[in-house]
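S.K.: Need the 3D shape of this:
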Amino acid sequence: MVVATHQIAVRLPSDLLVELDRLVATGSYENRAAAVRAGVAAIVADERRRTIEDQIVAGYLRQPSTLAESEAAIASLREAIVEERW
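M.R.: You can find the predicted model right below:
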């Protein structure tokens, strides 16, 4: 599958450019573009995770656990700790 790509211009401070070139020189990335793509992909993935985490928290705030559910969760954790081979 061929994915269309688009060229962009990016300005970096000298210190980041030195680090970017070091990553390329050490073989971590094939070239600057690959390193920048990996960085952008990591940021996008992190933001997606953060959005999902925020949605989960919002859901629990809208529908908090009942006392019975909280007590059952604590009991389950205590049992798991007792069964753990330390």
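S.K.: what about Ala34, which helix or strand?
M.R.: helix 32-62 (DSSP states H and E).
S.K.: hmm, who's touching the next helix or strand after that helix?
M.R.: Of the helices and strands lying after helix 32-62 in sequence (DSSP H and E), the nearest is helix 67-83. With contact meaning Cβ atoms under 8 Å, 6 or more residues apart in numbering, helix 67-83 is reached by Ser65. For the C-beta atoms, the positions are set from N, CA and C on the backbone; glycine is no exception.
S.K.: Restricting to C-alpha, output helix 67-83 in PDB.
M.R.: What follows is helix 67-83, C-alpha atoms only, in PDB (Å, rounded to 0.1, in the frame of the first residue of the first chain):
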ATOM      1  CA  LEU A  67     -19.500   1.300  47.900                       C
ATOM      2  CA  ALA A  68     -20.100  -2.400  47.200                       C
ATOM      3  CA  GLU A  69     -17.900  -2.200  44.100                       C
ATOM      4  CA  SER A  70     -15.100  -0.400  45.900                       C
ATOM      5  CA  GLU A  71     -15.200  -2.900  48.800                       C
ATOM      6  CA  ALA A  72     -15.100  -5.900  46.300                       C
ATOM      7  CA  ALA A  73     -12.200  -4.300  44.500                       C
ATOM      8  CA  ILE A  74     -10.200  -3.900  47.700                       C
ATOM      9  CA  ALA A  75     -11.000  -7.400  48.800                       C
ATOM     10  CA  SER A  76      -9.800  -8.700  45.400                       C
ATOM     11  CA  LEU A  77      -6.600  -6.800  45.700                       C
ATOM     12  CA  ARG A  78      -5.900  -8.100  49.200                       C
ATOM     13  CA  GLU A  79      -6.500 -11.700  48.000                       C
ATOM     14  CA  ALA A  80      -4.100 -11.200  45.100                       C
ATOM     15  CA  ILE A  81      -1.400  -9.800  47.400                       C
ATOM     16  CA  VAL A  82      -1.800 -12.800  49.800                       C
ATOM     17  CA  GLU A  83      -1.500 -15.200  46.800                       C
END
